[in-house]
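**Student:** I'd like to go over a predicted model; first the sequence, then the structure.
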Amino acid sequence: MKNNIFNLNTKPKSLVLATALLVLTASSCSVFKKNKRKKATAASTTALAAKPKADSTKSVIKPYSEVITSKAVTQKGLFTVHKVNDKYFFEIPNQLLKKEILAVNRLSKSTPGAGNYGGEEVSSRIIYWELGPNNKLFLKVSATVSIADSTDMISKAVASSNLNPIMAAFPIKAKSKDSSGVVIDVTDFLLTESPLLAFNAENKKAYGLGMQAADRSYIESVKSFPINTEIKTIRTYSAAGVRLPAVSEAGAVTLGMNTSFIKLPDNPLRKRIYDPRVGYFASANIRYKDSQQKVEQEAFIHRWRLEPKAEDLEKFRRGELVEPQKQIVYYIDPATPKMWRPFLIAGVNDWQKAFEHAGFKNAIVAKEWPEADTTMSLDDARFSVIRYFASPQQNAYGPNIADPRTGEILESHIGWYHNVMNLVHRWYMIQAGAIDPRARKNKFDDELMGQLIRFVSSHEIGHTLGLRHNMGASHATPVEKLRDKAWVEAHGHTASIMDYARFNYVAQPEDHVSEQGIFPRINDYDKWAIQWGYKPILDQPDAQAEKKILNKWTIDSLKNKRLWFGGEGRDQDPRSQSEDLGDDAIKASEYGIKNLKRIVPQLNNWTREDGEGYENLKEMYKEAVDQYSRYAFHVLKYLGGVMVTEKSSDQPGAVYQAVSLGKQKEAIKFYNDQVFTTPKWLVNKEILNKIDPGFSFNAVQTVQQGVVASVTSQSRLFRMMINQRDNGKGAYSPREWLNDLKSGIFSELKTGKPTDEYRRALQKMYVGSIITMYNKRFALQGSTDNILASVTPTDVLLYSNVKALAFAHLKDLRADITKGAATAKDQDTKIHFQYLKQMLDKIVNESPIPGLNY
């Protein structure tokens, strides 16, 4: 899923639209025959003067039968499509002129490994057709980002200030038989590099693509349906930026592109105003009103149209469950293996319980595709489908196509890649292998794999319903409750299926937790979010009036912490993280590591297959290392962390709150115990002598290096200094923090113990990282760190203290290492300390002032 929440787009017909001005010019060329000029008589001169001058740019309209001949293959739909020999014609009905149409451009096929995959959205925009002068039909792009109610006087200013660009001009070839529309030739246009149908310059750069090769690009198909027309093209690009053997040999990448033209509803859905405290995808525009004292942005969520039937309104008012006017239906791609279909269907149907909180029964359902029904097509926008792809891609995604004017979801084609099963297999073995015997196999039983598919299906369906990730949902569960069999089986290990909480890795074998307490499920937050987004609010005049009621709902709901939306992973908030569990990442990670210590020694047995090598073992060992790395980085956010709780102005309490001193000290202790003390349990010789003896050293080193670099970054130290400035003794002193780090990483300086290769590598990393902290130039502008991108001049002065503190710490470190080098009994340790001292001499012996760059 793309996570850009706001997309500036257009509004319904009842509103006056305004657009950003963009002028596109088109040129035409005519050939004139030179004729001998005859001497004109007076009569002929008069006749010539009366005759209008021929317009060379005016298109010649031919009879319909001369353009759409008897050889035409015709499809009726949004646009009536005619194929005559190798040419494509669109017949555009007059009633569609000036009606807004959503054009969505997606990849349909891709060269494997090219960095993109089928189904990925490339672009979307609103277009419409409009008659132009000289028998032309214009294709215009609605660049509207501004709206005003037609009842307001300012609407006139909005309307007169903006002009939509003309993307293309088509000569009208013929008029419909009954003059109800016009016919245009779109053959050449469908293969142009128009951003409407292919990539814009930015996309091409991102994908490493060059020029399109016309001789290797072609129209694959054009199909038309009642509310949409689908264009599939094959496009070949030069691709010097893509490093694949096949690409290198061909010098090109060939991609399948799919452009959908979807008619937007004539009766726009009422918008529901976006609230950052509830996690929905949204669109936005700029609203002008006569009564405003400033221009405001209006954002609104993406949701399906779900309304009670007219005859059920009184039942709905009484709180009885009613069926919607139109059910949300997802079909299963007939290419899906039959053994997995029931689980995909179950993942959809599980959402019914959430829609009951919005007042609806039978609101959502999944069905098998009726293969015998030849009137149905997978490309028809009236049908939402879980598409099954035979691809090595380990992924699934749940997009939705929404009306940019209102947020109404029009269709969804979920992408399901066959190899996603390998991904969930790795997750489950490494996260649940210690507590579920079923996870201890190289090939899971069909029932277990089916339940894994079911949970992924539910998650992706959530996205198609408009829901964003809620990475803070798992924080609502106390860590110790994750080990409480009765509690976790009743309530689940995370409050939302939209979290990346995967499986309960905290539970220990002695807790005897069953699948109900291991798997995620549609839970309290999901039911609340569906209620907030989908429950009709009757008897309110408009979306702004609804907003007041929704605000009260939200404030009341947040008394229950299980209904909190924690965002999609806030940079410095330890409560909002991907792949974490519980309300304490330190405790949860310690439990997770305890289970990993049980799992790693068994991987050789669990992955063994007669006659096979050790690729499975290598893959699962790498997954174990990755999981260990996740535990380590979950703790990182406590250091210099800031908790962000979105609130409206009528809610009490702070929005921003620093992580407590005690919690930050716990984090340093965790690193000293679990990361900086070499994780020897990960250095398993029974595994390493089968996959690569050096793999473990590199794996441990990579985790340690990443943690050290992140813990000692300039930006983290800067945040800690700001915290100390603002909170005084309640904050973690940066000097104390660095000394606590040093005491763990250089414990041998006090104990006199010899260092091994792991510890020496770690200590070099640490010294190098502090030197980098000291030497790194601080850039006020152009910083990639969000917290540095908006600093004040006062912050710049404070930032100079980062360098000063780093210098002081290096000086103390050199003094300690000098003593250690003198007293070390182990020769390798002595040489190591002498080397570090030499590194530090160069820094410390120089005056710190000339080296400052800020």
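**Tutor:** Good, I have the coordinates. Bear in mind the structure is a predicted one, so any value in this text is a computation, not a measurement.
**Student:** any idea how far stretch 681-699 is from the chain center?
**Tutor:** Relative to its chain's centre, stretch 681-699 lies at 35 Å (CA atoms, centre = their mean, to the nearest Å).
**Student:** For that stretch, buried residues please.
**Tutor:** By 16 or more other CB atoms under 10 Å, the buried positions in stretch 681-699 come out as 682-684, 687-688, 691, 695-696, 699. All C-beta spots, glycine's among them, are computed from the backbone N, C-alpha and C.
**Student:** tell me the least confident of these?
**Tutor:** Lowest in pLDDT among the buried residues of stretch 681-699 is residue 696, which has 74.
**Student:** roughly how far apart are that one and residue 675?
**Tutor:** 15 Å (CB to CB, to the nearest Å).
**Student:** and if you look at residue 170?
**Tutor:** Applying CB to CB to residue 170 and residue 675 gives a distance of 64 Å.
**Student:** Pick out whichever of these two has more residues nearby.
**Tutor:** More neighbours surround residue 675 than the other of residue 170 and residue 675, with 27 against 22 (other CB atoms under 10 Å).
**Student:** wait, isn't that one in contact with residue 703?
**Tutor:** Yes. With contact defined as CB atoms under 8 Å, residue 675 counts as touching residue 703 (6.8 Å).
**Student:** Spit out the residues that contact the two alike.
**Tutor:** Shared contacts of residue 675 and residue 703 (CB atoms under 8 Å, 6 or more residues apart in numbering): residue 632.
**Student:** how about residue 717, what does it touch?
**Tutor:** Contacts of residue 717 (CB under 8 Å, 6+ apart): 640, 734, 773, 802, 805-806.
**Student:** what kind of secondary structure is residue 164 in?
**Tutor:** When classified by DSSP: H, G, I helix; E, B strand; the rest coil, residue 164 comes out as coil.
**Student:** Sketch out the low-pLDDT regions of this structure for me.
**Tutor:** The model of the chain has pLDDT under 70 over residues 1-57, 110-120, 144-162, 240-250, 287-295, 776-799, 846-854.
**Student:** so which helix or strand takes in the closest residue to residue 625 other than its chain neighbours?
**Tutor:** Nearest residue to residue 625, sequence neighbours excluded (CB to CB, 6 or more residues apart in numbering): residue 699, at 4.4 Å. For residue 699, the element it lies in under DSSP states H and E is helix 695-711.
**Student:** and if you look at residue 609?
**Tutor:** Counting by DSSP H and E, no helix or strand carries residue 609.
**Student:** same check, this time on residue 463
**Tutor:** Assigned by DSSP H and E, residue 463 belongs to helix 446-464.
**Student:** and if you look at residue 486?
**Tutor:** helix 485-491.
**Student:** If you count neighbours, what's buried in the next helix or strand after that helix?
**Tutor:** The helix or strand immediately downstream of helix 485-491 is helix 524-534, counting by DSSP H and E. With burial defined by 16+ other CB under 10 Å, the residues of helix 524-534 counted as buried are 524-534.
**Student:** which helices and strands does the helix or strand encompassing residue 629 pack with?
**Tutor:** In the assignment (DSSP H and E), residue 629 maps to helix 615-636. Where contact means 3 or more CB pairs under 8 Å, 6 or more residues apart in numbering; DSSP states H and E, helix 615-636 is packed against helix 420-432, helix 585-599, helix 603-606, helix 661-671, helix 685-691, helix 695-711.
**Student:** if we go to 6 Å?
**Tutor:** With contacts defined as 3 or more CB pairs under 6 Å, 6 or more residues apart in numbering; DSSP states H and E, helix 615-636 has these neighbours: helix 420-432, helix 585-599, helix 603-606, helix 695-711.
**Student:** right, so of those, which gets closest to residue 207?
**Tutor:** Of all the helices and strands packed on helix 615-636, helix 420-432 sits nearest to residue 207, with 22.8 Å by CB to CB.
**Student:** Now do that closest one and helix 615-636, the angle between them.
**Tutor:** Using axes from the mean of the first three to the mean of the last three CA atoms, to 10 degrees, the direction of helix 420-432 lies 60 degrees away from that of helix 615-636.
**Student:** which other residues reach helix 420-432?
**Tutor:** Residues outside helix 420-432 that contact it (CB atoms under 6 Å, 6 or more residues apart in numbering): 394-396, 439, 452, 502-503, 505, 518, 623-624, 627.
**Student:** Give me the buried entries from the residues you listed.
**Tutor:** Buried among the contacts of helix 420-432 (16+ other CB under 10 Å): 396, 439, 452, 502-503, 505, 518, 623-624, 627.
**Student:** Buried residues of stretch 335-349, list them for me.
**Tutor:** Result for stretch 335-349 [16+ other CB under 10 Å]: buried residues 336, 340-341, 343-349.
**Student:** partner residues bridging the closest residue in space to residue 381 that isn't next to it in sequence?
**Tutor:** What sits nearest to residue 381 in space, not counting adjacent residues and going by CB to CB, 6+ apart, is residue 228, at 3.6 Å. Residue 228 has these beta-bridge partners by DSSP bridges: residue 262.
**Student:** mind giving me JSON lines with the buried residues of helix 524-534 and columns for distance to residue 61?
**Tutor:** Below are the buried residues of helix 524-534 laid out as JSON lines (distance: CB to CB, whole Å):
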{"residue": "524", "distance to residue 61": "63"}
{"residue": "525", "distance to residue 61": "60"}
{"residue": "526", "distance to residue 61": "57"}
{"residue": "527", "distance to residue 61": "59"}
{"residue": "528", "distance to residue 61": "59"}
{"residue": "529", "distance to residue 61": "54"}
{"residue": "530", "distance to residue 61": "53"}
{"residue": "531", "distance to residue 61": "56"}
{"residue": "532", "distance to residue 61": "54"}
{"residue": "533", "distance to residue 61": "49"}
{"residue": "534", "distance to residue 61": "49"}
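**Student:** picking up where we left off before, so which of the contacts of helix 420-432 comes closest to residue 748?
**Tutor:** Distances from residue 748 to these, taken by CB to CB, are shortest for residue 624, at 27.9 Å.
**Student:** measure residue 692 to residue 422 for me?
**Tutor:** From residue 692 over to residue 422 the distance is 21 Å, taken as CB to CB.
**Student:** ditto for residue 505
**Tutor:** Between residue 505 and residue 422 the computed distance is 19 Å (CB to CB).
**Student:** returning to what we had before: now secondary structure and distance to residue 593 too, for the contacts of residue 717, in CSV please.
**Tutor:** As requested, the contacts of residue 717 are exported to CSV (DSSP: H, G, I helix; E, B strand; the rest coil; distance: CB to CB, whole Å):
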residue, secondary structure, distance to residue 593
640, coil, 23
734, helix, 28
773, helix, 28
802, helix, 32
805, helix, 31
806, helix, 31
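**Student:** ranking these by neighbours, who comes first?
**Tutor:** Using other CB under 10 Å as the neighbour criterion, residue 640 leads these with 27 neighbours.
**Student:** That residue against residue 720, yeah?
**Tutor:** Yes. Counting by CB atoms under 6 Å, residue 640 touches residue 720, with 4.5 Å between them.
**Student:** Next, count neighbours for residue 495.
**Tutor:** 30.
**Student:** Settle this for me: it is touching residue 474, isn't it.
**Tutor:** No. Using CB under 6 Å, residue 495 makes no contact with residue 474, being 7.2 Å away.
**Student:** surely residue 527 meets residue 357?
**Tutor:** Yes. Taking contacts as CB under 6 Å, residue 527 lies within contact range of residue 357: 4.5 Å.
**Student:** where do the strands sit along the stretch 1-150 of the chain?
**Tutor:** Listed in chain order, the strands of the stretch 1-150 of the chain (DSSP state E, counting those that start in this stretch) span 15-19, 73-75, 80-84, 87-93, 101-109, 121-132, 136-142, 144-149.
**Student:** Alright, that wraps it up for me.
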